[in-house]
Each structure stands twice: as C-alpha cells, then as structure tokens.
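Mind folding the following:
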Amino acid sequence: QCLQQWLQYSNKTECELCKHKFKFRPVYANNAPKVLSPRELLLGLGQLLGSQLSAALRFFVVVVIWLVCTPIATYRVWLLFFGYYNFLSTENSVFFANTSASELSRELVMGVLLCATILLIFFAFSSFIDYLQIGEMQNEDEQQEQEQQQQQQQQQGQNAQRMGIG
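Residues are numbered from 1 along each chain as shown. Next up is the predicted model:
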C-alpha cells in the first residue's frame, strides 16, 4: 500500500531502473470466498455508511455549536452582564426568553459581531504582549552588548597601562 501511494504521488507507472511496468492485483486470504453474499455486502455497506454518517453528524453538530450557539450565548451573556436580562425573573431571563425567529437571527448577527470583536481584541492584546516581550529581549541584548564593550574597553585600558608601565 505504501508503494501504491508513492506511485500515485510520483505519477510513475514503471520502474525507474529496469522500466518494468507495475501491475497490481488484490491478494485475499486463502479461505476468502470468491463472491460475497448479499448479507455480507449489505453489512459492509451499512458499516461504511454508519461511520460516514457519524462523521457528518459530528461535523454538523460542531458547526452548529460554534457558528450558532456560541454567538447567541455570547450575546445573551453580554446583555446579562449589562443588565438587560433579569437573571432570576422568568419573564425576561436569558434562559427562559421566548424569542421569535427575527429576534434570534438578530441575536445571531450581534453575537457573531461580538465574538469577532472579542477575538480581534484578544489577538491585538496578544500581539502587543509579544511586541513588549521582543522589545524587552532586544533591550537585554543591547545591554549585554554594551557591557561586553565596556569590559573590552577596560581590558584594553589595562593592557595599555601594563604596556606603558613595563
């Protein structure tokens, strides 16, 4: 199988040394039947379909959580934080809000904008911290260079005094 992947990647159909054309045929176990029964075929297809369906369902759930639930929850927490919702009252609560489709879509858009703003602020803050750390490292490097130059000047001065005395 590794050889087959390499041949597909390299687009080679023959040996580079002897120019022999590659031929592949499947190798089955000695006790394998010549033809699969319909039951075995359906079971294999069912397993394949089940694994693909599971992966597709997982992908759909992740997309819904990150692109719908997270922005709406972020916006509602934002409103709760600024006192729009009453946390304990069931009439105007974050958790018990009866919202229409238009209100929910507005919350979704506002939540996406809020999440994007939060991420932008986070990345800007992280970049600023990196900028400060890099500047601090450069200052330390400059100080080390200055100390080394001072040490070299002191050694040269000491050497010059020794030469002058001797």
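
Show me what the helix or strand hosting Ile121 is packed up against.
Using DSSP states H and E, the element containing Ile121 is helix 101-165. Counting contacts by 3 or more CB pairs under 8 Å, 6 or more residues apart in numbering; DSSP states H and E, helix 101-165 packs against helix 70-81. For glycine as for every other residue, the C-beta is placed from the backbone atoms N, C-alpha and C.

now the helix it packs on against helix 101-165, angle please.
Between helix 70-81 and helix 101-165, the angle comes out at 90 degrees (axes from the mean of the first three to the mean of the last three CA atoms, to 10 degrees).

any idea of the mean pLDDT in helix 70-81?
Across helix 70-81, pLDDT averages out at 89.

List the buried residues of it.
Within helix 70-81, the residues that count as buried by 16 or more other CB atoms under 10 Å are 71-72, 74-76, 78-79.

Helix or strand next in line after the worst-scoring helix or strand of the chain on mean pLDDT, which one?
Within the chain, judged by mean pLDDT, DSSP states H and E, the helix or strand with the poorest mean is helix 2-10; its value is a mean of 77. With elements assigned by DSSP H and E, the helix or strand that comes after helix 2-10 is helix 38-64.

Centre of the chain to that next one, how far?
With CA atoms, centre = their mean, to the nearest Å as the basis, helix 38-64 stands 25 Å off its chain's centre.

for that helix, what is the average pLDDT?
pLDDT averaged over helix 38-64 gives 94.

Tabulate the CA atom coordinates of the least confident helix or strand of the chain in PDB.
C-alpha atoms of helix 2-10 as PDB (Å, rounded to 0.1, in the frame of the first residue of the first chain):
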ATOM      1  CA  CYS A   2       2.900   2.400   0.700                       C
ATOM      2  CA  LEU A   3       4.300   1.700  -2.700                       C
ATOM      3  CA  GLN A   4       0.900   2.300  -4.300                       C
ATOM      4  CA  GLN A   5       0.600   5.700  -2.500                       C
ATOM      5  CA  TRP A   6       4.100   6.600  -3.700                       C
ATOM      6  CA  LEU A   7       3.300   5.700  -7.200                       C
ATOM      7  CA  GLN A   8       0.200   7.800  -7.200                       C
ATOM      8  CA  TYR A   9       2.100  10.700  -5.700                       C
ATOM      9  CA  SER A  10       5.000  10.500  -8.100                       C
END
